[in-house]
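# Fold the following and give me the result.
(4 chains)
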Number of protein chains: 2
Amino acid sequence: MTTATLEKPAAASNDVHQQLRTAQDLFIRRWGEMGATWGINRTMAEIHALCYITATPQSTDDVMERLHISRGNASMSLRALCDWGIIRRLHKRGERREYFESLGDVWEMFSIIAAERKRREMDPVLETIKQCQHMLNEAALGKAAAKQESVQLTRQRLAGMEEFMTVTNKIFQQFIGNARSGLTRVVKVLLKAF
Amino acid sequence: MTTATLEKPAAASNDVHQQLRTAQDLFIRRWGEMGATWGINRTMAEIHALCYITATPQSTDDVMERLHISRGNASMSLRALCDWGIIRRLHKRGERREYFESLGDVWEMFSIIAAERKRREMDPVLETIKQCQHMLNEAALGKAAAKQESVQLTRQRLAGMEEFMTVTNKIFQQFIGNARSGLTRVVKVLLKAF
DNA sequence: TAGTTCTTTCAGTTACTACTGAAAGTTGGA
DNA sequence: TCCAACTTTCAGTAGTAACTGAAAGAACTA
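Now for the predicted structure:
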């Protein structure tokens, strides 16, 4: 303790395990918090984070114990994550219980999520915008009526939103389309460009 | 009614008003639904949609009546939207009551939202990842310990996530500040590369 | 076929977020 | 300084999403 050495000596195996677990838990908690603010329930996000960060298949009981949740909750959340396609069921030879593992490629994961959210949440909005535009065009209202200021204003706003959603959709589309065919290329291109 | 003419004749002014309102309500409802799935409460999203789509300053009472919500709710939600910076207070000369108007530029709006969510939700995750990496590097664990498979695996996963978050952050950054041209540039880069 | 091990389901409960309405606060005019 | 018009606050309530645990189901074994 004489000098300002901050480096620790090689830790005992048990300490290492502790440290690893602490780091993983930290990540899991943060990931859960983030999920919550993006409309994914905290527990589901945490389960996924656990599978991802350990990079090791987890049984239902592993999940229950580590996150302190009930069997029912674990079962339902794991199924939902499988439905999303970002974790997979895994049968180990000669074992009866099932394990779950996360996709390893973050880009593929997000691409899957992006595809689903685009389909479920962005496409309907775009469709609604078009429907509104249709309701307010000249054919529907008559030429004079369509000129009313309030109508014009709303049409302008619809147009602005449409433009935005269309561009955003294209980005998603690019992302999604390139998921399997080497997303690393997307990454390289983007990293290089910005 | 003899031919297959589907065009309506010019509608009476009142009908036009009805039609406009119906279209606006449709948009408002959809926008609310979308907000909900992205972690923004439905009512707040609807209030914003109302201000945006009408392109006309709305008083607290306008909002209350149109969306059937209480005064308290309207007051709190409007304040929150002002805090976000996507709607603005507006005083009309010689009138005591306050009005609210939405930003007109969708790009600017989303740019504001993106900046805030990046700061509040993505930056902390990146920081946590770095913290985890720090806890698991050689200096902290010792050379031998850092070689353990479980540690290596977690470090790999942290690295993958870090890369992803870094690129995403850069896209956000690109968007913030020069909203429209920024994103359009992303689209162009992607479209060119694939 | 019964027994064991594990998974799924779902009615009931808990916890939380959103909302209301009334009271207190604020602002400007007379 | 009081009144009228409007806004904000917040304790209490309603409504919703998440979670539990026990019971039923499924799959394999002997």
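# okay, now A:Arg117: neighbour count?
The number of residues packed near A:Arg117 is 17, by other Cβ atoms under 10 Å in any protein chain shown. Where C-beta positions appear, they are placed from N, C-alpha and C, glycine not excepted.
# Correction: the previous question concerned A:Arg71.
Neighbours of A:Arg71 under the rule other Cβ under 10 Å: 11.
# Then A:Phe164?
Look at A:Phe164: counted by other Cβ under 10 Å, it has 19 neighbours.
# Quick one: classify it as helix, strand or coil.
helix (DSSP: H, G, I helix; E, B strand; the rest coil).
# got the contact list for the residue lying closest to it once chain neighbours are set aside?
Nearest residue to A:Phe164, sequence neighbours excluded (Cβ to Cβ, 6 or more residues apart in numbering or on different chains): B:Val106, at 4.3 Å. By Cβ atoms under 8 Å, 6 or more residues apart in numbering or on different chains, the residues touching B:Val106 are A:160-161, A:163-164.
# could you flag which of the residues you listed are buried?
Listed as buried from these are A:160-161, A:164; burial here means 16 or more other Cβ atoms under 10 Å in any protein chain shown.
# Could you find the lowest-pLDDT member of those?
Of all the buried ones among the contacts of B:Val106, A:Phe164 carries the smallest pLDDT score, 92.
# So which bits of the helix or strand that contains A:Gln173 are buried?
In this assignment (DSSP states H and E), A:Gln173 forms part of helix A:149-177. Within helix A:149-177, the residues scored as buried using 16+ other Cβ under 10 Å are A:151, A:153-155, A:157-158, A:160-162, A:164-165, A:167-176.
# quick one, helices of chain A?
Counting by DSSP state H, chain A has helices at residues A:13-37, A:42-54, A:60-67, A:71-84, A:106-117, A:123-135, A:138-141, A:143-146, A:149-177, A:183-193.
# Mind checking the ones you listed for the one nearest to B:Glu98?
Checking the helices of chain A against B:Glu98 by Cβ to Cβ gives helix A:149-177 as the closest, at 20.6 Å.
# which helices and strands does that closest one pack with?
Contact here means 3 or more Cβ pairs under 8 Å, 6 or more residues apart in numbering or on different chains; DSSP states H and E; on that basis helix A:149-177 packs against helix A:106-117, helix A:123-135, helix A:183-193, helix B:13-37, helix B:42-54, helix B:106-117, helix B:179-193.
# Looking at the ones you listed, which one is packed in the most?
Comparing the helices and strands packed on helix A:149-177 by mean neighbour count (mean count of other Cβ atoms under 10 Å in any protein chain shown), helix B:42-54 ranks first with a mean of 23.
# coming back round to it: could the contacts of B:Val106 be laid out in a markdown table, adding distance to DNA strand C?
As requested, the contacts of B:Val106 are exported to a markdown table (distance: Cβ to the nearest atom of the strand, whole Å):
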| residue | distance to DNA strand C |
| --- | --- |
| A:Gly160 | 26 |
| A:Met161 | 22 |
| A:Glu163 | 29 |
| A:Phe164 | 24 |
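# and which of these is nearest A:Cys82?
Closest to A:Cys82 out of the contacts of B:Val106 is A:Phe164 (33.6 Å), distances taken as Cβ to Cβ.
# was I right about that closest one contacting B:Phe110?
Yes: with contact defined as Cβ atoms under 8 Å, A:Phe164 counts as touching B:Phe110 (6.8 Å).
# A:Thr154 and B:Tyr52: what is the separation?
Computed as Cβ to Cβ, to the nearest Å, the A:Thr154 to B:Tyr52 distance reads 10 Å.
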